[in-house]
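In: With the sequence up front, the predicted model follows.
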Amino acid sequence: SAVISQKPSRDICQRGTSLTIQCQVDSQVTMMFWYRQQPGQSLTLIATANQGSEATYESGFVIDKFPISRPNLTFSTLTVSNMSPEDSSIYLCSVLGIAYNEQFFGPGTRLTVL
Amino acid sequence: AQTVTQSQPEMSVQEAETVTLSCTYDTSESDYYLFWYKQPPSRQMILVIRQEAYKQQNATENRFSVNFQKAAKSFSLKISDSQLGDAAMYFCAYRSAGFFGNEKLTFGTGTRLTIIP
């Protein structure tokens, strides 16, 4: 299975600021994803991070609010822009395993917006 | 669009006993994957078990097994010999089997499992 790390593990931010979350995988992967888990809720896909091209966003999520980069096959960033308290969530990076029928998750970033 | 339903927000079981978590899903697709993930308080999502829809045999991983009923669109998780470390939030998830753009996981709302010593 892939080993995934995320930075930061948690942060407390002020309203109106932006935070960039990093996701690093220990091996090259084809597909990388960003999920959001609001307090007490299930996981919702924000976008698929595409290497060398713009991310593919799910309904309800836009690039201006959640810009994503993926410069290579092992690294991606998610930025949460112009934050409000409603953005307080856990943000999780996920990758598709080599076997294709497995999807692994990073440890998550717990974001609190004041 | 696919939906996943977990009707048990909370479950509890005595240590060493067996517990079954329920999951139903709705899809018009014939080929797909189903997963159970565990999320302990550390919030790390851990893959517990997966099932390919084309396989009739139920998946088993040590103390974890599933009862996959394709016609009924049911995918329950059985945990045998429950241990304190099994306490966590359990999510059922669905994924299409097609390539390129169908890798999105759709999650249920989760079941919080408590193990009673």
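Out: Alright, I've got the coordinates. Every value quoted in this text rests on a predicted model; they were computed, and no experiment measured them.
In: which residue is nearest the centroid of chain B?
Out: B:Trp36 (2.9 Å; CA atoms, centre = their mean).
In: Tell me which stretches of chain A form strands.
Out: Secondary structure of chain A (DSSP state E): strands at A:4-7, A:10-13, A:19-25, A:32-37, A:43-49, A:56-57, A:68-72, A:75-80, A:89-96, A:103-105, A:109-113.
In: Nearest residue to the one residue in chain B that gets nearest to chain A in space, please, no chain neighbours.
Out: Nearest residue of chain B to chain A: B:Met45, at 3.7 Å (CB to the nearest CB). In this view, the C-beta of every residue, glycine as well, is placed from N, C-alpha and C. Excluding its sequence neighbours, the residue lying closest to B:Met45 (CB to CB, 6 or more residues apart in numbering or on different chains) is A:Phe105, at 3.7 Å.
In: just to revisit the earlier point, turn the strands of chain A into TSV, columns for mean pLDDT, distance to B:Ala88 and mean neighbour count.
Out: Listed next are the strands of chain A as TSV, based on pLDDT from 0 to 100; distance: least, CB to CB, whole Å; neighbours: other CB atoms under 10 Å in any protein chain shown:
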stretch	mean pLDDT	distance to B:Ala88	mean neighbour count
strand A:4-7	96	19	17
strand A:10-13	96	19	13
strand A:19-25	97	23	19
strand A:32-37	95	14	24
strand A:43-49	94	14	22
strand A:56-57	93	30	16
strand A:68-72	93	29	16
strand A:75-80	97	25	21
strand A:89-96	94	15	24
strand A:103-105	90	14	21
strand A:109-113	97	17	19
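In: Which one of those lies nearest to B:Ile49?
Out: B:Ile49 lies closest to strand A:103-105 among the strands of chain A, at 13.0 Å (CB to CB).
In: which residues touch the residue nearest to B:Met45?
Out: Going by CB atoms under 8 Å, 6 or more residues apart in numbering or on different chains, A:Phe105 touches A:4, A:35, A:92-94, B:37, B:44-46.
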